[in-house]
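J.: Got a sequence here, can you build the structure:
(one chain, ligands or ions: 1)
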Amino acid sequence: MYDIIIVGAGPAGLTAALYALRADKTVLVLEKGTFGGQITYSPQIENYPGFAKMSGNEFAEKLIDQVLNQGAEIEMETVTGIRDNGATKTVITEEGEHEAKAVIIATGVKHRQIGLPNENELVGEGISYCAVCDGAFFKGQTVAVLGGGNSALQEAVLLSEGCKKVYVIQNLDYFTGEARLVEKLREKDNVEFIMGTVISELEGEKSLEGLKLIKESDKTETELKVDGLFVAIGLIPNNGAFADIAGLDDWGYIDSDEACLTKTAGVFVAGDCRKKQIRQITTATADGSVAALAACRYIDSM
Ligand SMILES: Cc1cc2nc3c(=O)[nH]c(=O)nc-3n(C[C@H](O)[C@H](O)[C@H](O)COP(=O)(O)OP(=O)(O)OC[C@H]3O[C@@H](n4cnc5c(N)ncnc54)[C@H](O)[C@@H]3O)c2cc1C
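T.: Below is the predicted model of the structure:
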């Protein structure tokens, strides 16, 4: 029996482990893929307070070391569900079951990908899924944003402030995001809309050099030279296994209160998988500390 089981070893889960261990709780962290979470895909982080520059791997390694030094147990297991037994919870994994007094879900999100063959190889080499994180690397350069919803439009607004040229590529003939954002972009001299168009090829071997585009209506092909591509076609929260115990909103995020408590007593949520506005390392680590301390208070009051 552990005090707290944490699902997911990204910034949120590892920070939760750090705070819980420092409060003398026993902690098991379960991770299905990459220790450190999605930040390990980032070649450079420049917006984490106190560190002017570091790679995602460097950040993840330091955090994992810090948590292991506090005595965390971290296992490679995929969690498939959580059973509520009242005072205890059973965490079900592909390998077996674990018991705890409280559980923190910190499973993050997946960025929806275009699905082109060399997309993964070019991530961090011209392809990004986050303008807040990587926009500054493209100052004075030409970039494209793929998508037509609010996230894509907001990314385009942000990029238009520093980039020479921003193309917004949308598969439909209209935007699905707010008209106010579309208007704001329309007023900018350095923004151009490419509507009813999809990307068929990512050009470049070591880094992105350009895009092949196909116009949906007549299937004509064009080429677009860009230094960067920001893919903003949606996020997929990794929350399917927790729909019953934690409750999901219409977009699949877990709703919680200010203390990161879900609808079930003793089940907390932290990081990108939670319903919130901003998904960054700072907000994930903040959630991790809040959820851990709330879980500790919950256990102490049992
Ligand atoms: C390319 C890239 C660059 C970025 N750059 C920056 C940046 O510069 N600055 C910044 O602040 N943010 C950046 N971000 C965003 C940042 O990485 C996230 O906001 C942050 O990692 C969220 O942390 P998290 O712990 O909530 O989720 P994640 O980091 O996604 O971690 C969740 C973990 O849970 C695991 N998991 C999921 N489901 C299960 C399951 N069923 N069982 C067990 N484990 C599970 C996952 O494998 C994953 O390791 C970037 C993101 C990407 C993709």
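
J.: quick one, what contacts Gly13?
T.: By Cβ atoms under 8 Å, 6 or more residues apart in numbering, the contact list for Gly13 reads Ile6, Val7, Val29, Glu31, Gly37, Ile104, Ala106, Ala270, Gly271, Gly288. Heads up, the C-betas are built off the backbone N, CA and C, glycines and all.

J.: Recalculate using a threshold of 6 Å.
T.: Ile6, Val29, Ala106 (Cβ atoms under 6 Å, 6 or more residues apart in numbering).

J.: ok, the nearest residue to Lys225 once chain neighbours are set aside to the ligand distance?
T.: Using Cβ to Cβ, 6 or more residues apart in numbering and skipping the chain neighbours, the partner closest in space to Lys225 is Gly210 (4.6 Å). To the ligand, Gly210 is 21 Å away according to Cβ to the nearest ligand atom, to the nearest Å.

J.: Show the backbone phi and psi for Gly210.
T.: Here is the backbone geometry of Gly210 (degrees, to the nearest 10): phi -180, psi 180.

J.: In a helix, Gln38, correct?
T.: Yes. The assignment for Gln38 by DSSP: H, G, I helix; E, B strand; the rest coil puts it in a helix.

J.: OK, contacts around the closest residue to it other than its chain neighbours?
T.: Leaving out its chain neighbours, the residue that sits closest to Gln38 by Cβ to Cβ, 6+ apart is Gly108, at 5.8 Å. Residues counted as contacts of Gly108 (Cβ under 6 Å, 6+ apart) are Gly8, Gly10, Gly37, Gln38, Asn238, Gly271, Asp272, Cys273.

J.: Those also near the ligand: which ones?
T.: By Cβ under 6 Å from any ligand atom, the members of the contacts of Gly108 lying near the ligand are Gly8, Gly10, Gly37, Gln38, Asn238, Gly271, Asp272.

J.: Among the residues you listed, which has the minimum pLDDT value?
T.: Ranked by pLDDT, the ones next to the ligand among the contacts of Gly108 bottom out at Gln38, which has 91.

J.: Relative to Leu235, how far out is that one?
T.: 11 Å (Cβ to Cβ, to the nearest Å).

J.: Return the residues of the stretch 1-150 of the chain in contact with the ligand.
T.: 7-13, 30-34, 37-39, 41-42, 45, 47, 78-79, 106-108, 111, 123, 129-130, 133.

J.: Please say which of Gln38 and Leu235 ends up with more neighbours.
T.: Per other Cβ atoms under 10 Å, whichever of Gln38 and Leu235 has more neighbours is Gln38, with 23 against 18.

J.: thinking again about what came up before, most neighbours out of the ones next to the ligand among the contacts of Gly108, which is it?
T.: Gly271 leads the ones next to the ligand among the contacts of Gly108 on contacts (other Cβ under 10 Å) with 34 neighbours.

J.: picking that back up, tell me the spacing between the residue nearest to Gln38 and Arg83.
T.: Applying Cβ to Cβ, the value for Gly108 to Arg83 is 22 Å.

J.: again with Glu209
T.: For Glu209, the distance to Arg83 - Cβ to Cβ - is 51 Å.

J.: next one: Asn120
T.: Asn120 is 35 Å from Arg83, where distance means Cβ to Cβ.

J.: And Leu153, by the same measure?
T.: 42 Å.

J.: Looking at those two, which has the bigger crowd around it?
T.: In terms of neighbours (other Cβ under 10 Å), Leu153 is the more surrounded of Leu153 and Arg83; the figures are 25 against 13.

J.: so who does that one touch?
T.: So, once contact is read as Cβ under 6 Å, 6+ apart, Leu153 ends up touching Gly177, Leu181.

J.: So for the helix or strand hosting it, what gets flagged as buried?
T.: Using DSSP states H and E, Leu153 falls within helix 150-160. Neighbour counts using 16 or more other Cβ atoms under 10 Å place Ser151, Ala152, Leu153, Gln154, Glu155, Ala156, Val157, Leu158, Leu159, Ser160 of helix 150-160 among the buried residues.

J.: where's Gln277 relative to Lys25, distance?
T.: 30 Å.

J.: What of Asn47?
T.: Distance from Asn47 to Lys25, by Cβ to Cβ: 31 Å.

J.: Settle it for me: which of the two has more neighbours?
T.: Lys25 (20 against 13).

J.: ok now do that one, which residues does it touch?
T.: Listed by Cβ under 6 Å, 6+ apart, the contact partners of Lys25 are Asp3, Ile4, Cys296.

J.: Angles on the backbone of it, please.
T.: Torsion angles at Lys25 (phi, psi; degrees, to the nearest 10) stand at phi -100, psi 150.
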